[in-house]
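A.B. asks: Need coordinates for the below:
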Amino acid sequence: MAFVLELQFSFSQPYLRNYLAGIVREFDIPATVVQKEGKILCAFASEHPALAECLDAVARRLPASCFLSGSRHYGIEGDPEVLPEVAAEYPVSLGVCAECQKEMLDPASRRYYYPFTCCAHCGGQYAFFEAYPFTRENTSLRYVRPCAACESETRERGRFEGHRLASCHDCGIPVRLCSGGSERYANDPGSFRTLFEVAAKALRDGKRLKVKTTMGWRRFFALEAFAPDRALLLCDPGKITELFSMTTDEFGVLAGIERPLLHVAVKDGPLRDRVGRSCDVKYPDDGFTVLLAKELQRLGIAVVAYEAADEAAEAEMVMEHDIALEPQRELRLFVQREVRRVAEGERVCFPARLSPARPVLAAAHGLAGIPDAGTMLFDRPEHFDSVAVEQAVVLEGETHAWHSRRKSVMQDEASFMSVIAEHGLFGKRCVGAHFEEEPSFLYYDGRKVIRLVPPRPFEPASLLERIASLRDGSDRLVENLRSKLPQTWEKLRALEGRQTATLFEAAAVILGLEDESVRGVEREALRFIGKGGLQVDTHVRDNRFDHAAFLASLISYRLAGVDSVLVAYSLFESFGDYCSDILQQIRAKTQAEHFILSGSRFAQASLFARMQRNLKMTPPKMNVNFPVGRENAVVGAVYL
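C.D. replies: Model (predicted):
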């Protein structure tokens, strides 16, 4: 009889499975560890004397995860006879696990305050990766030879077993801190500790700090320099519930090994005055941010602002090293009760594999998919050697030739198809909506994708004139806008003079938001705490969405003095009604079996909730293992 530990893990990437297998190997227990159908199953030899100790270690050390929802145990017939294998085909891009953080903060460790600390199953390994297969020789650390102790660790059972990037103070990477023409170097425990102390004090004193972390260049600021396009780094975990209004689920997501960006409500009054009612937050992820946050916490600083940067970004103080890095785009997560979806980003989702394979190369948004070992392998194209394929399928607008036979696809088609491919709905009739800046509606007849209602590009030219001519009395609406809200009227006039603008930019202007973008409208909507919104005009004219009627509706509410928070919330609810109504009409005509949703706008809380409510009899399918936003196009392009 085998003892089975079952983990409910709704993600296809194998990092948690590998971490679990690594722990089991430490205790020399025969076991089988399998990941399939949203579960990780670990069957142990039940009579092994170290089983209880191993299970205790699993409970203490297995990292928390955004996608881990529960566990159970039971017995089955048959005992495993061999140790489980760790299958780390490509590098991870995760937070530093708790065991590695302990090692960094232990004065007796060989890695005390060493910011490149990570084990075989955690940390920002991907940024060092250069080519397949994933070996140390194919990373930017190939010239950094591990010392005898590190080399020994990689051959012994434990979390460093098979680690391609092992290093410590004795064989590691020096870091320098540059400020005002002077340089300070760190290459041992004491100098590294001093380096982070100095950097933290510089932030406290209002200086900008740029750091070359293992997740890429980041620029840090004191809280006073917060801006809407920046996020907050949470330095003191004990202060999180004092500063922010988070559900238990949101708190757990932030602390998960994936370390995503999450948009949350601000509770603390002084912090709200500084950053607004909601903002993006992140828990420290790699060794650099973990150690910087520790020193900031010692100074009594609970949060600092930060942003992704590059080597050219200006700062009064720079912490850097000489190892080349190619980091991935940040992971942004959407959380709605039990639902977890990646809204956008590369981290955690890529590299990835998906079946079936096809003889094509797909390219979109700096990612590529190629046939490899019977599956499609998705990663950045610079990591691949040449590959023999019949044609290239590329996103519209891609300039690289890729192949003599080339087929271009649209973003909405590719994103829509990515959901079909991920859920294995080939041959099934599906109807779906894709929503980024403009909603579009598509149909899959089991063989090909048909754009039934393409997105209608927003045209800013003559916008006010079109609103004024909508219907009788609309001209008075525009005149009232000019007389009562002249600043808004002037901004819309300026918008008319631009060659390109988006519907949500116009909506943000009408609502009087400081952040005149779709992000600003989404953040305003998140401030709403009521139970229901107003009806915003999302009617169709000539079988297409009517931008002028939609914006006229917003102007009417603004002139009536309706709070911008309620209007922002309402417009997303109304889009939810609009999308679900069109989908149901198309389904009635086509007898489609499944609803599909793609596009990052569906990672907006009120819109997603409305779609769930309206389509509850046939719950819509979305990407689970890939972003619902633009990056999923590389997956769908393969199968179009």
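A.B. asks: how many other residues sit next to the closest residue to residue 352 other than its chain neighbours?
C.D. replies: In this structure, residue 352 finds its nearest non-sequential neighbour in residue 378, 4.9 Å apart by Cβ to Cβ, 6 or more residues apart in numbering. In short, each C-beta sits where N, CA and C put it, glycine included. Using other Cβ atoms under 10 Å, the number of residues around residue 378 comes to 24.
A.B. asks: mind listing what residue 378 touches?
C.D. replies: By Cβ atoms under 8 Å, 6 or more residues apart in numbering, residue 378 lies in contact with 350, 351, 352, 353, 354, 367, 368, 369, 634, 635.
A.B. asks: Those residues in strands, which ones?
C.D. replies: Within the contacts of residue 378, residues falling in strands by DSSP state E are 352, 353, 354, 367, 368, 369.
A.B. asks: Which residues are in contact with the residue lying closest to residue 193 once chain neighbours are set aside?
C.D. replies: Closest residue to residue 193 apart from its sequence neighbours, by Cβ to Cβ, 6+ apart: residue 113 at 4.6 Å. Counting by Cβ under 8 Å, 6+ apart, residue 113 makes contact with 104, 105, 189, 192, 193, 196, 291.
A.B. asks: What's the local residue count around the first one?
C.D. replies: Meaning residue 104. A count of neighbours around residue 104, defined by other Cβ under 10 Å, yields 21.
A.B. asks: for the second one, same thing?
C.D. replies: The local packing count at residue 105 equals 15, with neighbours defined by other Cβ under 10 Å.
A.B. asks: same check, this time on the fourth one
C.D. replies: Other residues lying near residue 192 total 24 when counted by other Cβ under 10 Å.
A.B. asks: Would you confirm that it contacts residue 177?
C.D. replies: No. Counting by Cβ atoms under 8 Å, residue 192 does not reach residue 177; the two are 10.3 Å apart.
A.B. asks: Give the residues shared as contacts by these two.
C.D. replies: Listed as contacting both residue 192 and residue 177 by Cβ under 8 Å, 6+ apart are residue 186.
A.B. asks: separation between the closest residue to residue 299 other than its chain neighbours and residue 291?
C.D. replies: Spatial nearest neighbour of residue 299, excluding adjacent residues (Cβ to Cβ, 6+ apart): residue 204 at 5.4 Å. In this structure, residue 204 and residue 291 are 15 Å apart, going by Cβ to Cβ, to the nearest Å.
A.B. asks: Of these two, give the one with the bigger neighbour count.
C.D. replies: Shown here are residue 204 and residue 291; by other Cβ under 10 Å, residue 291 has more neighbours (26 against 15).
A.B. asks: Not counting sequence-adjacent ones, nearest residue to residue 216?
C.D. replies: residue 327 (3.1 Å).
A.B. asks: from the contacts of residue 378, which would you call buried?
C.D. replies: 350, 351, 352, 353, 354, 367, 368, 369, 634, 635 (16 or more other Cβ atoms under 10 Å).
A.B. asks: List the contacts of the last one.
C.D. replies: Okay, so that is residue 635. 354, 362, 369, 376, 378, 414, 417, 418, 421, 422, 626.
A.B. asks: that older thread, show the contacting residues for the residue nearest to residue 299.
C.D. replies: Residue 204 sits next to 222, 296, 299, 301 when contact means Cβ under 8 Å, 6+ apart.
A.B. asks: again, but for residue 413
C.D. replies: Going by Cβ under 8 Å, 6+ apart, residue 413 touches 442, 449, 451, 636, 640.
A.B. asks: The helix or strand where residue 607 lies: which residues count as buried?
C.D. replies: Residue 607 belongs to helix 605-614 when assigned by DSSP states H and E. Residues of helix 605-614 classed as buried under the neighbour-count rule (16+ other Cβ under 10 Å) are 605, 606, 607, 608, 609, 610, 611, 612, 614.
A.B. asks: Show me what the longest helix anywhere in the chain is packed against.
C.D. replies: Longest helix of the chain, by residue count under DSSP state H: helix 564-590. On a contact count with 3 or more Cβ pairs under 8 Å, 6 or more residues apart in numbering; DSSP states H and E, helix 564-590 meets strand 430-435, strand 439-444, helix 503-511, helix 518-526, helix 547-559, helix 605-614.
A.B. asks: Looking at the contacts of residue 635, which is nearest residue 156?
C.D. replies: Here the nearest of these to residue 156, counting by Cβ to Cβ, is residue 378; it sits at 33.1 Å.
A.B. asks: Provide the secondary structure category for that closest one.
C.D. replies: With DSSP: H, G, I helix; E, B strand; the rest coil as the basis, residue 378 sits in strand.
A.B. asks: Tabulate the contacts of residue 378 in CSV, adding columns for pLDDT and distance to residue 75.
C.D. replies: Output for those, formatted as CSV (pLDDT from 0 to 100; distance: Cβ to Cβ, whole Å):
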residue, pLDDT, distance to residue 75
350, 98, 38
351, 98, 36
352, 97, 34
353, 97, 32
354, 97, 34
367, 97, 43
368, 97, 45
369, 97, 41
634, 98, 43
635, 98, 39
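A.B. asks: out of these, which one sits closest to residue 409?
C.D. replies: Of those, the one sitting nearest to residue 409 (Cβ to Cβ) turns out to be residue 634, at 10.4 Å.
A.B. asks: Might one say that that closest one is in contact with residue 369?
C.D. replies: Yes. Between residue 634 and residue 369 there is a contact under Cβ under 8 Å: 5.4 Å.
A.B. asks: Thanks a lot, see you next time.
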